[in-house]
Structures are given as C-alpha cells and as structure tokens.
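Participant: Structure for this input, please:
(2 chains)
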Amino acid sequence: MKKIKFATAWLGGCSGCHMSFLDLDEKLIDLADKIELVYSPIADVKEFPADVDVTLVEGAVANMDNLELAQQIRARSRLVVSFGDCAVTGNVPTLRNKLGVDDLLTAVYHEGPGRHPTGGDTVMPKLLPKVLPLHQVIKVDAFLPGCPPDADRIWAAVSALLAGEPVVLEPEMRTFG
Amino acid sequence: MSVVTLTINDELVSAQEGETLLSVLHERGIDMPTLCHLDGLSERGGCRLCMVELEGSARLQAACVTQVQEGMIVHTHSERLVKYRKMILELLFSERNHVCAVCVMNGNCELQWEAAKIGMDHVRYDYLNPDLSMDASHDRFVLDHNRCILCTRCVRVCDEIEGAHVWDVMGRGVNSRVIIDLNQPWGTSQSCTSCGKCVQVCPTGALSAKGATVAEMEKQHNFLRWILDGREKNVWSYGNGK
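Facilitator: Alright, predicted model coming up:
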C-alpha cells in the first residue's frame, strides 16, 4: 500500500501539541507503517514539499513567516488540520492583540529590564498587527481543539484522517483548553 | 393547579399551568443548553440558548421565560435552532477574551462545555480581543471582565438570595459591564458582605476565589436549593437526607 504523505508544522505556538503528538507512544510505530513523514519540526526537512496528503498545523498565525508557511501548506496539502487551540482559536498568543505591535515591542524589548537587543528589525520576521487563528488565513478542513489536545484526541483525529473519514470528535474530546 | 397538555418534539406532554417551558423540558430529560438560567434564581432570558420554535409563531422564544400553554406545539432541536445556538456561542467566544487554556475555570466552565457539547470546534467570527480589566481589590475574590458573558447570575443571586444588591450592569451592548456598587473597586464596596454567592453561581471564570490558578476553580450551586428550601419550606437539608 502506498504510504500517506503526512506533515506537521509549527507556527506561533509553544510546541506542546507536538509534545502531545509524541505521547502517542507505541501508536507512533503503527503510524510509521502507514505514513511517510515528509515535513515536521521533528524531521530535518527545510522546504515544505509538494503533494502532501495530510498536514497538522500547530500554532496561531502571528508573523509573516507563519503566514507564508500557512499559505504554502494550503497550496501543497490535500487536507489541513488546525492542531490544538492556538491554531483553532489563536489562544495564548492572541493575548497581545489588545496592544499595537509597536507598543508591544517597546514594552517587551525596549522598556524591559536589562540592555535591549539590537538588529531585530532586520532578522526577525515582521509581526502581524493581530495574531489570527489558522482558519482566518487559509481554508482548514478539520479542527482538533485542546491545549494541548491529548494523545487520545490526536489519535481519534489522525486515525479518522488515515481512514479517509471526516474528523468527528466526541464532546469530551473537543473542549477548548 | 390545572394541567395543560402540549406537544414537545411530536410527543404529547402534560404540565402544570404556570410552569415555564424550560422546567418542563428539563423534567422530560430534554437536554437544553442554558447559561443565564440557574435553578433557584429568577429567569432573565438573556443568553437565548434555550430558544425554541413554537408552531404558529414566527419568532423564536426563550423557553425559560415562556409559560406552557394548552395546545402549544414545541420544537427544541430543529436544524435552525441548533445553528443559532452555535452562532450564539461563537459570538460569546469572539466578544471577550475567553482563553480556556489559561482560565481558572478550565475543565469546569459551563461556557466551555456548552460549546463542546453543541460541536463548536472553531469560531467563524473575528475575535474582538477587547482590552478589559480585572478587579482583584477584594480580599478573597477576583472579577475578570475578560471571561464575563453578562448572564447576570451574580446580579440576581446577590439581590434575590443574599439581599445585598451589590452587582449591577452598566453600559449597553458590547460595552456592558457588571459593576460593583457605583462602579467602584470591589475591595471598597460597603454593601458587599463577602458571602461569595456570586462567585459560586458564575458559570465562567469571570468570578473566582483569589489564589486559584488555571483549572483550579470549581463551583457549587447546591447552597441555593438549601437556602430556598429553608426559607420556603423550613427544611434545612440538601434534599437527600443529609
């Protein structure tokens, strides 16, 4: 059987969803038989490849890099899943949305304690005016809430996706937070 | 009291005249989502989650403030109603900063659970991300406007049960806020008795015990039944022989 081309991506989030993904433990071995991991923070791949079947996206869209990667993911994936609360709702990263970007950078880096860093303007990706949930930037096919979604939720969603079925989680498995 | 007969979801049902439709639906075991309703408090009809369709009426009615009537034909879970309930919940989530992951009520929140139950797995509206304050000036309790859904349970319990009427609502529409006395810090209130009833009835993390952190807050509603049974029937028990 041809292996399913599977990717995971990490935008504006804490990587907790990926940690939780690793909590699949022995199920990861079953998964490895069925999928080919073509892109992920836990795989050394630089460019998001073409013709991906399923991509789990962790994190909110917070800066230009996130935005570009999200658009690339959408263009090159058959199914895109919002993976965890940051992708689904924006979650903790959106707490900065009440502040303007300049005010935020000033408060954190220039008025913060110690010597403020320099050169950030050229090296760091530009922050978007507001942090957005993934579905406000690209079309999303399924949502997997949770902060992080625990391994059971991830398995319920991933096994449905691998079977070509729609992701329908039980109420207990679709709470935010 | 006389009995009326009505039809709920194609089933004939009898009920006491004067009863609210919501209490009949609850008695029948029909799962109606509610947020502003709480057994023991007056009804407000504010959250609109318990809206039903009544045949012969173009308008939807909130079951909590609708009395049963002879011959009423009620639908509780039509496609349209479920769609609207989901929209209401999405609008509540988008209006303030309900960040479940870092909320004291995570795991125990009524808003969080109603959303999960109805299948709201994302919010289609733009989040407003308003800049809202917290009031931690009280010795024992904290008010967080970021989580408030304006259900007014705090207002009603303080007025109707405690008799202090500390809470009110100020402003209109999206600018509405629950306020203490004449809109002053909680810690400076002279009318607040620090009984904590408002905290216990609050469905979300808007009111919490000071010192509680993420997912640590749990709330108890059974004191309401205890007080009301005591007042009305002179029975001072939790109703199960204890």
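Participant: For the rest of this, base every contact and every neighbour count on C-alpha atoms.
Facilitator: OK.
Participant: How much space separates the residue of chain A found nearest chain B from residue A:90?
Facilitator: The minimum distance from chain A to chain B, using CA to the nearest CA, falls at residue A:177 (3.9 Å). Separation of residue A:177 from residue A:90 (CA to CA, to the nearest Å) stands at 12 Å.
Participant: can you pull up the bridge partners for the spatially most central residue of chain A?
Facilitator: By CA atoms, centre = their mean, chain A has its centre lying nearest to residue A:58, at 1.5 Å. Note on residue A:58: beta-bridge partners by DSSP bridges are residue A:10, residue A:83.
Participant: That one is in contact with residue A:13, isn't it?
Facilitator: Yes - with contact defined as CA atoms under 8 Å, residue A:58 counts as touching residue A:13 (6.5 Å).
Participant: which neighbours do those two share?
Facilitator: Taking CA atoms under 8 Å, 6 or more residues apart in numbering or on different chains as the criterion, residue A:58 and residue A:13 both touch residue A:86.
Participant: Could you pull up the residues touching residue A:8?
Facilitator: Shown in contact with residue A:8 (CA under 8 Å, 6+ apart): A:39-41, A:55-58.
Participant: Can you tell me which of the residues you listed are buried?
Facilitator: A:39-40, A:55-58 (16 or more other CA atoms under 10 Å in any protein chain shown).
Participant: Export these as CSV, with columns for pLDDT.
Facilitator: Formatted as CSV, the buried ones among the contacts of residue A:8 follow (pLDDT from 0 to 100):
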residue, pLDDT
A:39, 98
A:40, 97
A:55, 98
A:56, 98
A:57, 98
A:58, 98
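Participant: Quick check: residues of chain B near chain A?
Facilitator: Neighbours of chain A within chain B, by CA under 8 Å from any CA of the partner chain: B:97, B:99-102, B:106-107, B:112-113, B:115-119, B:121-123, B:129-131.
Participant: Next, residue 95: phi, psi?
Facilitator: Here I'm looking at chain A. When read as degrees, to the nearest 10, the backbone of residue A:95 gives phi -60, psi -20.
Participant: not what I meant, chain B
Facilitator: phi -80, psi -40.
Participant: Neighbours of it, how many?
Facilitator: 20 (other CA atoms under 10 Å in any protein chain shown).
Participant: okay, it: pLDDT?
Facilitator: Residue B:95 is assigned 97 on the pLDDT scale.
Participant: same check, this time on residue B:232
Facilitator: Residue B:232 carries a pLDDT value of 90.
Participant: likewise residue A:110?
Facilitator: pLDDT at residue A:110 comes out at 84.
Participant: Please apply the same query to residue B:238.
Facilitator: Note on residue B:238: pLDDT of 65.
Participant: tally of neighbours for residue 11?
Facilitator: I'll assume chain A. 21.
Participant: right idea, wrong chain: chain B
Facilitator: Neighbours of residue B:11 (other CA under 10 Å): 10.
Participant: Angles on the backbone of it, please.
Facilitator: Here residue B:11 shows phi and psi, under degrees, to the nearest 10, equal to phi -120, psi 140.
Participant: gap between it and chain A?
Facilitator: Distance, residue B:11 to chain A, by CA to the nearest CA, to the nearest Å: 27 Å.
Participant: Which pLDDT value does the model give that residue?
Facilitator: 97.
Participant: mind listing what's buried in stretch B:91-108?
Facilitator: Judged by neighbour count using 16+ other CA under 10 Å, the buried positions of stretch B:91-108 are B:91-101, B:103-108.
Participant: Work out which residue lies at the spatial centre of chain B.
Facilitator: The C-alpha lying nearest the average C-alpha coordinate of chain B belongs to residue B:36 (CA atoms, centre = their mean; 2.3 Å).
Participant: Is that one located within a strand, as I assumed?
Facilitator: No - residue state for residue B:36 (DSSP: H, G, I helix; E, B strand; the rest coil) corresponds to coil; a strand is not indicated.
Participant: okay, now the nearest residue to it once chain neighbours are set aside: neighbour count?
Facilitator: Spatial nearest neighbour of residue B:36, chain neighbours left out: residue B:151 (4.5 Å); criterion: CA to CA, 6 or more residues apart in numbering or on different chains. Residue B:151 has 19 neighbours, counted by other CA under 10 Å.
Participant: Test my guess that residue B:151 contacts residue B:35.
Facilitator: Yes - using CA under 8 Å, residue B:151 is in contact with residue B:35, at 6.7 Å.
Participant: any common contacting residues for those two?
Facilitator: residue B:47.
Participant: Can you give me every residue that contacts whichever residue of chain B sits closest to chain A?
Facilitator: Closest contact between chain B and chain A, by CA to the nearest CA, is at residue B:101 (3.9 Å). Contacts for residue B:101 (CA under 8 Å, 6+ apart) come out as A:91-92, A:146-147, A:176-177, B:214.
Participant: 6 Å - rerun?
Facilitator: A:147, A:177 (CA atoms under 6 Å, 6 or more residues apart in numbering or on different chains).
Participant: swap in residue B:235?
Facilitator: With CA under 6 Å, 6+ apart, residue B:235 has these contacts: residue B:229.
Participant: Phi and psi next, for it.
Facilitator: Dihedral angles (degrees, to the nearest 10) for residue B:235: phi -110, psi 120.
Participant: Residue 123: neighbour count?
Facilitator: All of this refers to chain A. 8.
Participant: Chain B, not that one
Facilitator: Around residue B:123 sit 20 other residues, with neighbours defined as other CA under 10 Å.
Participant: So it is in contact with residue B:89, correct?
Facilitator: No - in terms of CA atoms under 6 Å, residue B:123 does not count as a neighbour of residue B:89; the distance is 8.6 Å.
Participant: any residues in contact with both of these two?
Facilitator: Contacts common to residue B:123 and residue B:89, judged by CA under 6 Å, 6+ apart, are absent.
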